[in-house]
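Asker: Below: sequence and its predicted model.
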Amino acid sequence: MAKLTIAFAKGRMQTEALALMERAGIGMSEDARNSRRLAVEDESGSYRFIFVKPSDVPVYVEHGTADCGIVGRDVLMESNADLLQPLDLRISCCRIAVAACAGAIPSELGALRVATKYPRIAAAHFGARGIPVEIIELAGSVELAPVLGLADAIVDVVETGRTLSENGLDIVEVIANSTGRLVVNRASYQLEAEAVSRLINALKGVLKEDESL
Amino acid sequence: MMSDPLSKIPDGMRYYFGKEARLRRSIEDTVMQVFAGWSYEEIITPAVDYLALFERGMGRDEAHRAFLFTDRDGRLLALRPDVTSSVARAAATLFAKQERPLRFCYAAPVFRQQTQSRAEWRRESTQLGCEFIGAGGGQADMEVLVIATEIFERLELSGDYRITINSVEIFNGISERLALAPEAREKMRHLIDIRDAAELQRFLSRYETDENDCRAFTRLTQLPGKRKLLDDARRVITNERSVAAINALEELWSIIEELNLVEHFEIDFGDVSGLDYYTGLTFKIYAKGAGSRVGAGGRYDLLTANFGKTEPAIGFMLELDALTDVLLRRERGGMLAANSDLDATMITGNETAPLLMKAKERRQRNERVRIDLKRREP
């Protein structure tokens, strides 16, 4: 059977995703775990793990360079990539939300200035509501924008809400819930059907264990 | 403002040369020879046509991906985004009185200003395809599928491709039975298409009271399979329209078994793209080494009705660019792309007329010549 390449989103989700794989019987050796190599094999030699920036996961999988990937729904929504999404892994739960300074109600403004790392999600959300928005694309520390007056509101992922509240922001509206997803390349799904379904079943088994707890 | 330098090429456009260009030509010749071998006549359609034609043929959304411009009389023109629409029109008009069936093939560049996905970088790509018009039923379906398998054999890809088959009527029957509004229908199509089992089950449970049925149907659409998948489907799907489609697929599968082609085919109930276009059998072709499908096709019995003549039709197309990429990465690609100028006869000489005479003589014997300028003495 061919070796499957799985792309992992580095950072927040990586630890949880690897723990899930480990429980599904697909583990990394101590050596591989401690190494800084960006491509390693799992212990059985049936999988190759690659570690890339979250927003690059859909790119690798859509081109078929990686057969599968584990990445958040927020990233998938933003990338609009044409991928199969057979499993919700229920890891790294968070919300994609609109937030603004406590007390300020931005809906009273004619056009909204929105700072975000997710320009496509923000545009689609406000577009569907017919609210004209000026999107200000930032790479990080988005919570600062309304505080300093760069924007009226932000669209960002919220986990505990602590960063928001410490910066004096409130959630105005939740756009979507986001969790880690298993994504699969369309061609790999057909050509490596056996290996892909083996991976899906292994992960499903772990998710079922969690359900029965 | 700085103007763009002339060296810049528009996004999604490119040159082909050397080994890659030779390989493309060789693949195109191979495919067109197979079509010709099955008596498919080449048809060359206009590169520019009315947008209205493509809107009728491909649906509004797909047609509007095209490069658009205006004719002198103000009508909208499109740079051909697909070939089938134009062939269907010709069948219903130009060839209306001709004896059926019609068999056509083509090799033509198509253009899309908006690509469907980010992985699809090209905005100009060449499609090699065939259309079989005026013949319905399993035999016609199987004729084009067999042609597709012969093409992959001749390209020496026999062990490395897979054709998935489905019928849109299975989905249509189910969405009819659940009485889905257009939006809900599209939602169900999308969930099946991206294989999101959990969401699909949740969606179905709103319409279907029996939870076991929801789970069983979801499982059917998850993974491709062989004959057993048809037996599983019969246990879950009972509406008349879908059952007729399952019967047709089973008939097709029996022929596939008799022809010993089972290893190249899979049944895939999860393939539900292109629903508006197709009316029965649909199929997708995948090849190892290509990140997306290299070909697609199906039955479109209602398309020619748009142009005034209702008749059955089936066809498929292969992406020349995707096939070239697959073969280029293999050793075999080297063989197909041979014929470099290494094996040319060098012609040297000081006087122009005798030199060219020598070259002409060799050319008459069909030899490859290359006139050497360097060795010419002063």
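Answerer: Yep, it's here.
Asker: tell me the mean pLDDT over the longest strand anywhere in chain A?
Answerer: For chain A, the strand with the greatest residue count under DSSP state E is strand A:169-178. Across strand A:169-178, pLDDT averages out at 94.
Asker: Each with direction, which strands does the helix or strand that comes right after that strand pair with?
Answerer: Counting by DSSP states H and E, the next helix or strand C-terminal to strand A:169-178 is strand A:180-184. Strand pairing for strand A:180-184, determined by DSSP bridges: strand A:68-72 (antiparallel), strand A:84-88 (antiparallel).
Asker: Can you show me the strands along the chain?
Answerer: No chain in the question, so chain A it is. So, for chain A - with DSSP E - the strands run A:4-9, A:39-41, A:47-52, A:68-72, A:84-88, A:94-101, A:112-116, A:133-137, A:153-158, A:169-178, A:180-184.
Asker: I was after chain B.
Answerer: Ranges of strands within chain B are B:41-42, B:48-50, B:68-70, B:76-79, B:102-111, B:124-133, B:161-167, B:265-267, B:281-287, B:295-299, B:313-319, B:345-347, B:369-371, based on DSSP E.
Asker: Kindly reformat those as a markdown table and extend each row with distance to chain A, mean pLDDT and mean neighbour count.
Answerer: In short, each C-beta sits where N, CA and C put it, glycine included. Shown next, in a markdown table, are the strands of chain B (distance: least, CB to the nearest CB, whole Å; pLDDT from 0 to 100; neighbours: other CB atoms under 10 Å in any protein chain shown):
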| stretch | distance to chain A | mean pLDDT | mean neighbour count |
| --- | --- | --- | --- |
| strand B:41-42 | 29 | 98 | 12 |
| strand B:48-50 | 27 | 97 | 15 |
| strand B:68-70 | 23 | 97 | 12 |
| strand B:76-79 | 23 | 98 | 19 |
| strand B:102-111 | 19 | 98 | 20 |
| strand B:124-133 | 16 | 97 | 23 |
| strand B:161-167 | 5 | 97 | 24 |
| strand B:265-267 | 7 | 97 | 23 |
| strand B:281-287 | 5 | 97 | 25 |
| strand B:295-299 | 11 | 96 | 25 |
| strand B:313-319 | 12 | 97 | 26 |
| strand B:345-347 | 43 | 89 | 15 |
| strand B:369-371 | 39 | 92 | 16 |
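Asker: Of all these, which one is nearest residue B:330?
Answerer: When those are compared by CB to CB, strand B:281-287 sits nearest residue B:330, at 10.7 Å.
Asker: Just the CA atoms of the closest one, as PDB, please.
Answerer: Output of strand B:281-287 as PDB, limited to C-alpha atoms (Å, rounded to 0.1, in the frame of the first residue of the first chain):
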ATOM      1  CA  LEU B 281     -24.300   8.100 -16.000                       C
ATOM      2  CA  THR B 282     -21.500  10.400 -14.800                       C
ATOM      3  CA  PHE B 283     -17.800   9.400 -14.500                       C
ATOM      4  CA  LYS B 284     -14.500  10.900 -13.400                       C
ATOM      5  CA  ILE B 285     -11.100   9.700 -14.400                       C
ATOM      6  CA  TYR B 286      -8.100   9.900 -11.900                       C
ATOM      7  CA  ALA B 287      -4.500   9.100 -12.600                       C
END
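Asker: From what I see, residue B:274 and residue B:300 are in contact.
Answerer: No. Contact between residue B:274 and residue B:300 fails when scored by CB atoms under 8 Å: they sit 9.4 Å apart.
Asker: who has more neighbours, those two?
Answerer: Each of residue B:274 and residue B:300 has its neighbours counted (other CB atoms under 10 Å in any protein chain shown); residue B:300 has more, 25 against 17.
Asker: Now do the contacts for the more buried one.
Answerer: Shown in contact with residue B:300 (CB atoms under 8 Å, 6 or more residues apart in numbering or on different chains): B:84, B:88, B:277, B:278, B:279, B:313, B:314, B:315.
Asker: one more time with 6 Å
Answerer: Counting by CB atoms under 6 Å, 6 or more residues apart in numbering or on different chains, residue B:300 touches B:277, B:278, B:279, B:313.
Asker: The spatially most central residue of chain A bridge partners, please.
Answerer: In chain A, the centroid-proximal residue (CA atoms, centre = their mean) is residue A:72; its distance is 1.8 Å. Beta-bridge pairing of residue A:72 under DSSP bridges involves residue A:180.
Asker: Distance-wise, check residue A:142 relative to residue A:136.
Answerer: Here the criterion is CB to CB, to the nearest Å. By it, residue A:142 lies 9 Å from residue A:136.
Asker: got it, and residue B:120?
Answerer: For residue B:120, the distance to residue A:136 equals 30 Å [CB to CB].
Asker: what stretches of chain B score poorly on pLDDT?
Answerer: When residues are selected by pLDDT under 70, those of chain B lie in B:1-3, B:275, B:331-342, B:375-378.
Asker: Tell me who's in contact with the residue in chain A that chain B sits nearest to.
Answerer: At 2.4 Å from chain B, residue A:64 is the closest residue in chain A, using CB to the nearest CB. Residues near residue A:64 by CB under 6 Å, 6+ apart: A:185, A:187, B:291.
Asker: Now, of these, which are buried?
Answerer: If you count burial by 16 or more other CB atoms under 10 Å in any protein chain shown, the buried members of the contacts of residue A:64 come out as A:185, A:187, B:291.
Asker: before we move on, the earlier item: out of the strands of chain A, flag the one nearest residue B:41.
Answerer: Once these are compared by CB to CB, strand A:84-88 is nearest, at 38.4 Å.
Asker: For the residue lying closest to residue A:192 once chain neighbours are set aside, give me the pLDDT.
Answerer: In space, residue A:192 comes closest to residue A:2 once its chain neighbours are excluded; the distance is 5.6 Å by CB to CB, 6 or more residues apart in numbering or on different chains. In this model, residue A:2 is scored at 74, pLDDT.
Asker: For residue A:2, grab the count of nearby residues.
Answerer: Neighbour tally, residue A:2, other CB under 10 Å: 12.
Asker: Repeat that for residue B:280.
Answerer: For residue B:280, the count of nearby residues is 23 (other CB under 10 Å).
Asker: how near is it to residue B:326?
Answerer: For residue B:280, the distance to residue B:326 - CB to CB - is 29 Å.
Asker: Understood, closing this out.
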